[in-house]
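Q: okay, predicted coordinates and the sequence, questions at the end:
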Amino acid sequence: MTISIGPYTLQNPVLLAPMAGITDLPFRRVTQSLGAGLVVSEMVASDELVRARL
């Protein structure tokens, strides 16, 4: 089963959702090595980006 997202086709329909404090680089690499079709970076609080408090 494949999933298409715009121009991208994913071979595995398992996706990793953005979760603050959990989806750091080592976790994304582990889930990708276990077959996740798509992994993303940590969730970012957009209001802090707007206020430039990062």
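A: Everything's here; your move. Numbering: from 1, shown residues only.
Q: so where's the longest helix in this structure?
A: helix 25-33 (DSSP state H).
Q: contacting residues around the residue lying closest to M1 once chain neighbours are set aside?
A: Leaving aside its chain neighbours, M1 sits nearest to P13 (5.4 Å; criterion: C-beta to C-beta, 6 or more residues apart in numbering). Heads up, the C-betas are built off the backbone N, CA and C, glycines and all. Listed by C-beta atoms under 8 Å, 6 or more residues apart in numbering, the contact partners of P13 are 1-3, 37.
Q: same question, M43
A: 18-20, 23.
Q: scan these and report the most crowded one.
A: The most crowded member of the contacts of M43, judged by other C-beta atoms under 10 Å, is T23 (18 neighbours).
Q: residue contacts, that residue?
A: Counted by C-beta under 8 Å, 6+ apart, T23 has contacts 16-17, 39-43.
Q: where does it sit: helix, strand or coil?
A: Recorded secondary structure, T23: coil (DSSP: H, G, I helix; E, B strand; the rest coil).
Q: where do the helices sit along this protein?
A: Under DSSP H, the chain gives helices at 25-33, 46-50.
Q: just name the most buried of those helices.
A: helix 25-33 (a mean of 12; mean count of other C-beta atoms under 10 Å).
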